[in-house]
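1. how would this look folded up:
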Amino acid sequence: MGKYRVVTITNLLEHQVDKIVQESKEEGFRFVERLLNDYREGTNCFNIQGEALYGIYDEENELVAVGGLNVDPSSAETGRVRRFYVKKEYRNEGVGTLLLKRIILDARRSFNVLILHTDTEKADHFYTSFGFTKGDRYPNATHYLDISERRKPFRIDCGDIYLQEFSIEDANHIHRISNQPEISYFLPDWKSTVEQRVEWLTHYEIPANKAFLEAADKTGNVADLFLKMGVFRKGTEELIGWCCSGIKEELPAPNREIMYAISSEHQGNGYATKASIGLIEYLFTHTNVDLLNAVALKYNDSSIKVIEKCGFTYQGQIKIDEEPYLHYRLDKSDYERSTQR
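-> This next block holds a predicted model:
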């Protein structure tokens, strides 16, 4: 599925839609043409709060699927799947699944129910496989899905800040911070466009967090799973950075690390240390993690100070991507002894 990417379409008229419109008409479906006409006329531009229009592009940058999310006229708490179409040669390739998962994920932020109308047997099977119920409970709809169950996001209290698992709403803030020169210099892999960040959150980071937290809750065995938490200021609820734990392939096993970043305008306030200690405490008390690693570029003095304040012990210097890093470790037993003093 890496060869396909979901994009949020903010201006349909800037996208090449002629081929997908023509193919849909040849199949007897006129709704993609209506999508384009309504957009041109301004009658439905998917620009009301909670609405969105999506496209899927292949490796050759061709638009191969479209689908939208509207507020249903019957209720502001009801979303409607609109103009959902996948080009024929791309069906059974997981494209429709990729698109519908994104729509459902985003719909959960604004609606309690998601509805749609279809009149084909294949579409019926497709939607019911995602948990939609076939029925006439809602006007002008053949299927509906209850999405009202909203789990409270996982949170770790750290005094005047807190850690909270990433959500789609964090995409713009993460993008802004990760593109700051002070951050991208030390964490180049975090630099992205907004669309890339939304895609990473949707398909990798949010599902990975869910898997980690479920494993921690059920057995405590988090194996090689990743956890990525946003750092938020209390009072303003502003995302000011992140604190994460995952496997660092360049380190010898056991190689779970902790890493962090704080927005440039909030550095120097001790937030990175507080966030790191909060995550360390959680990992050592709620999971089977008994050793953590941390690395910092040899000349990243501020990061080295955070690592040392958290109680890590210096192990030596290593090279990662031909750059000199200082390697530290923190053993659970040592951490527990230090907290009992």
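
2. the helices in the stretch 151-300 of the chain, which residues?
-> Ranges of helices in the stretch 151-300 of the chain, per DSSP state H, counting those that start in this stretch, are 171-178, 181-184, 194-200, 206-218, 271-286.

3. er, the stretch 1-150 of the chain actually
-> For the stretch 1-150 of the chain, the helices defined by DSSP H, counting those that start in this stretch cover 18-26, 31-41, 95-107, 121-128.

4. how about the nearest residue to R155 once chain neighbours are set aside, what does it touch?
-> In space, and not counting its chain neighbours, R155 is closest to Q164: 4.7 Å by CB to CB, 6 or more residues apart in numbering. Quick note: C-beta positions are derived from backbone N, CA and C, even for glycine. Neighbour list for Q164: P153, F154, R155, I156, M229, G230, F232 [criterion: CB atoms under 8 Å, 6 or more residues apart in numbering].

5. of these, closest to G316?
-> Among these, M229 lies closest to G316 (CB to CB), at 28.4 Å.

6. Now do the same for the closest one: its pLDDT.
-> Note on M229: pLDDT of 97.

7. where's it relative to D189, distance?
-> Here M229 is placed at a distance of 17 Å from D189 (CB to CB, to the nearest Å).

8. Which one's more surrounded, those two?
-> The neighbour comparison of M229 against D189 (other CB atoms under 10 Å) goes to M229, with 25 against 7.

9. and that one, what does it touch?
-> Shown in contact with M229 (CB under 8 Å, 6+ apart): I156, L163, Q164, E165, F166, N209, W242, C243, C244, A275, L279.

10. And the residue positioned nearest the centre of the chain, what's its pLDDT?
-> Nearest to the centroid of the C-alpha atoms of the chain, with distances taken as CA atoms, centre = their mean, sits L201, at 1.6 Å. pLDDT for L201: 89.

11. Next, count neighbours for T10.
-> T10 has 13 neighbours, counted by other CB under 10 Å.

12. Need phi/psi at it.
-> When quoted as degrees, to the nearest 10, the phi and psi of T10 stand at phi -90, psi -20.

13. that older thread, got a markdown table for the helices of the stretch 151-300 of the chain, with mean neighbour count and distance to E27 too?
-> Converted to a markdown table, these look like this (neighbours: other CB atoms under 10 Å; distance: least, CB to CB, whole Å):
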| stretch | mean neighbour count | distance to E27 |
| --- | --- | --- |
| helix 171-178 | 19 | 34 |
| helix 181-184 | 15 | 45 |
| helix 194-200 | 18 | 28 |
| helix 206-218 | 16 | 33 |
| helix 271-286 | 21 | 51 |
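
14. Of the ones you listed, which is nearest Y260?
-> helix 271-286 (4.9 Å).

15. low-confidence ranges in the stretch 1-150 of the chain?
-> Scanning the stretch 1-150 of the chain for pLDDT under 70 picks out 1-2, 149-150.

16. What of the stretch 201-341 of the chain?
-> By pLDDT under 70, the low-scoring segments of the stretch 201-341 of the chain are 340-341.

17. Okay, and the beta partners of the residue nearest to F46 when sequence neighbours are not counted?
-> Leaving out its chain neighbours, the residue that sits closest to F46 by CB to CB, 6+ apart is L53, at 4.0 Å. Taking DSSP bridges as the rule, L53 bridges to G68.

18. isn't L53 right next to T8, touching?
-> Yes. Counting by CB atoms under 8 Å, T8 is a contact partner of L53 at 7.3 Å.

19. and these two? which has more neighbours close in?
-> L53 (24 against 16).

20. which ones are touching that one?
-> L53 makes contacts with T8, I9, L12, C45, F46, V66, G67, G68, L69, R83, as judged by CB under 8 Å, 6+ apart.

21. isn't the last one right up against N37?
-> Spelled out, that is R83. No. Assessed by CB under 8 Å, R83 is found out of contact with N37, at 11.1 Å.

22. So which of these two has more stuff around it?
-> R83 (23 against 13).

23. Quick check: bridge partners of the closest residue to A275 other than its chain neighbours?
-> Distance criterion CB to CB, 6+ apart; nearest residue to A275, sequence neighbours excluded, is C243 at 4.1 Å. Bridge pairing for C243 (DSSP bridges) gives the partners M229, Y260.

24. Sounds good, over and out.
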